[in-house]
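In: Predicted model and sequence below, questions to follow.
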Amino acid sequence: MTRSAPTTLLGIAQQLGPGLIISAIIVGSGELIVTPKLGAANGFTLLWFIVVGCVLKVFVQVELGRHALEHGKTTLEAMNDVPGPRLVVSWLIWLWLVMYLALVFQVAGMVGGIANVFTLAGLPLGTRASAVLIGFSCAALLVVGRYRFVEWFSTLLVGLFVVCTLGAVAALQSTPYAITSAHLASGLAFHLPPSFNTAFAAFGVIGVGASELIYYPYWCLEKGYGTSVGANDQTPEWRERARGWLRIMQIDAWLSFVLYTTTTVAFYLLGAAVLHAQGLVVEDRRMIETLSQMYQATFGGWSLWLFLVGAFAVLYSTVFGATASNARLFADALVLFGIVKSPTPERRQRLVLLGSVGLPVAFTTVFLVFGSPVSLVFVGAIAQGLMLPFLALAALHFRFRKTTPALRPGPLWTTLLCLSALAMTAMGAYQVVTALR
């Protein structure tokens, strides 16, 4: 059954969801680990890079959502239609598969971060036992269908942590680490760091990372946007419904942008003001302890516990949300690669449950074998950064080749989308060249 898009503010608020929920999820390893590490290494000089990195992704996000809304296809199904070489599936799906495998390492790093939180909190489990407990609890909650409870409880805790982080930035002004206008001016001037690796990793995961861009259409479809619009029957009623729900999706995306950009900038400023000033490096062995200095130097020693609770909420919600999303991608991939033939909705749900168990086993095992949470997070972050240009090219293909004229954006939006794709491609090329050097 199709529905018209709501026109009142209350009605719109009731329908917002995919981007805002993903915003709660993506206040994760990118914001908590990679962004402060970048600030600790470079001071304020890359503040501009953080802001630009968040802005660029919105245009690609909306185009992927627009395609899902119009055609009712999941992201992988849409990517499989992109022209180019094929070996069973599109070349773009093979690139995605590389990133997907790298994400197992990234989530493993987050599991290590949660285990570090437990250790600092004094829980007598040990790092390895904590990692097993985290993986088991994640799988168990997904299998028994407790996603909704964890989603909203985590969103509440993460929201409180974000408020405290913004408060920490404000409280810096009464400490020796006060942020001055000169700091901000230097941060908004164009500078590139001597080593681009950390900056590029941050670019891959801050705001809406490559993995979240791929998740986003799935959540749009599951929230009913595509069902509300209905199949394109070329009627004026369909065009009106589609435009209305597209406006809802765009509001959703831009509200999410405000949330995650504000949060990312706050974490960067704390890293630049506190960690850089103290000469601290965010590294594997003392990752959470080092990051907690952003709170302790601002609020005092008592805030260690506040930071630990917030860090747990951020990292666990990210692990949980990423597992739920990647389980859906796992089910889709089995179908696209021809491993599963003609799946029924019931069989697809079983595949999702299989992924919900298999993925925690995989990322827990990776952490137990390799350890090194920061290094593991960076494996996935760099892979996401390298995937971004290709997602931008896919978004351009959808815009110019797959979007019905009634839903095509105007010249300004199209220009900004092209500039976004060009900037992502330039950053990816620069990373490859600097890595080869």
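Out: Nice, I can see it.

In: check contacts around residue 138.
Out: 316, 319, 320, 323, 360 (Cβ atoms under 8 Å, 6 or more residues apart in numbering). Just so you know, the C-beta spots here come from the backbone N, C-alpha and C atoms, and that holds for glycine as well.

In: Kindly recompute the last result at 6 Å.
Out: Shown in contact with residue 138 (Cβ atoms under 6 Å, 6 or more residues apart in numbering): 319, 320, 323, 360.

In: Repeat that for residue 373.
Out: Applying Cβ under 6 Å, 6+ apart, the residues near residue 373 are 109, 112, 113, 284, 287.

In: Would you convert the contacts of residue 138 into a markdown table that also reports secondary structure and pLDDT?
Out: Compiled in a markdown table, those are given as follows (DSSP: H, G, I helix; E, B strand; the rest coil; pLDDT from 0 to 100):
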| residue | secondary structure | pLDDT |
| --- | --- | --- |
| 319 | helix | 90 |
| 320 | helix | 88 |
| 323 | helix | 90 |
| 360 | helix | 95 |
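
In: ok, of those, which one's closest to residue 188?
Out: Closest approach between those and residue 188, by Cβ to Cβ: residue 319, at 33.7 Å.

In: Now do the same contact list for the closest one.
Out: Here residue 319 is in contact with 107, 110, 138 (criterion: Cβ under 6 Å, 6+ apart).

In: how far away is the last one from residue 327?
Out: Taking Cβ to Cβ, to the nearest Å as the criterion, residue 138 is separated from residue 327 by 11 Å.

In: ok, back up a step: ok, of the contacts of residue 373, which come out buried?
Out: Among the contacts of residue 373, those buried by neighbour count (16 or more other Cβ atoms under 10 Å) are 109, 112, 113, 284, 287.

In: where in this structure is pLDDT low?
Out: 1-28, 147, 223-230, 437 (pLDDT under 70).

In: And stretch 209-221, what's buried?
Out: Buried residues in stretch 209-221 (16+ other Cβ under 10 Å): 209-221.

In: what does stretch 114-123 contact?
Out: So stretch 114-123 is contacted by 125, 127, 130, 131, 134, 287, 288, 308, 311, 312, 315, 316 (Cβ under 6 Å, 6+ apart).

In: quick one: which of the residues you listed is nearest residue 241?
Out: Of these, the one sitting nearest to residue 241 (Cβ to Cβ) turns out to be residue 316, at 38.0 Å.

In: Which of the three states applies to the closest one?
Out: helix (DSSP: H, G, I helix; E, B strand; the rest coil).

In: Just give me the neighbour total for it.
Out: 23 (other Cβ atoms under 10 Å).

In: quick one on the thing from earlier: just curious, which of the contacts of residue 138 is nearest to residue 78?
Out: Closest to residue 78, out of all of the contacts of residue 138 and judged by Cβ to Cβ, is residue 323, at 22.6 Å.

In: Which helix or strand contains the residue nearest to the closest one when sequence neighbours are not counted?
Out: With Cβ to Cβ, 6 or more residues apart in numbering as the criterion, residue 323 has its nearest non-adjacent residue at 5.1 Å, and that residue is residue 359. Using DSSP states H and E, residue 359 maps to helix 345-370.

In: so what secondary structure elements neighbour that helix?
Out: The contact analysis (3 or more Cβ pairs under 6 Å, 6 or more residues apart in numbering; DSSP states H and E) places helix 345-370 against helix 91-120, helix 127-143, helix 303-336.

In: make it 8 Å
Out: With contacts taken as 3 or more Cβ pairs under 8 Å, 6 or more residues apart in numbering; DSSP states H and E, helix 345-370 sits against helix 91-120, helix 127-143, helix 303-336, helix 373-397.

In: So which of those helices is nearest residue 424?
Out: Among these, helix 373-397 sits nearest to residue 424 (Cβ to Cβ), with 4.7 Å.

In: Check which element follows the closest one along the chain.
Out: Using DSSP H and E, the helix or strand that follows helix 373-397 towards the C-terminus is helix 411-436.

In: what inclination does that next one have with respect to helix 373-397?
Out: Interaxial angle of helix 411-436 relative to helix 373-397 (axes from the mean of the first three to the mean of the last three Cα atoms, to 10 degrees): 140 degrees.

In: Can you name every helix or strand that helix 411-436 contacts?
Out: Counting by 3+ Cβ pairs under 8 Å, 6+ apart, helix 411-436 packs on helix 47-71, helix 197-205, helix 373-397.
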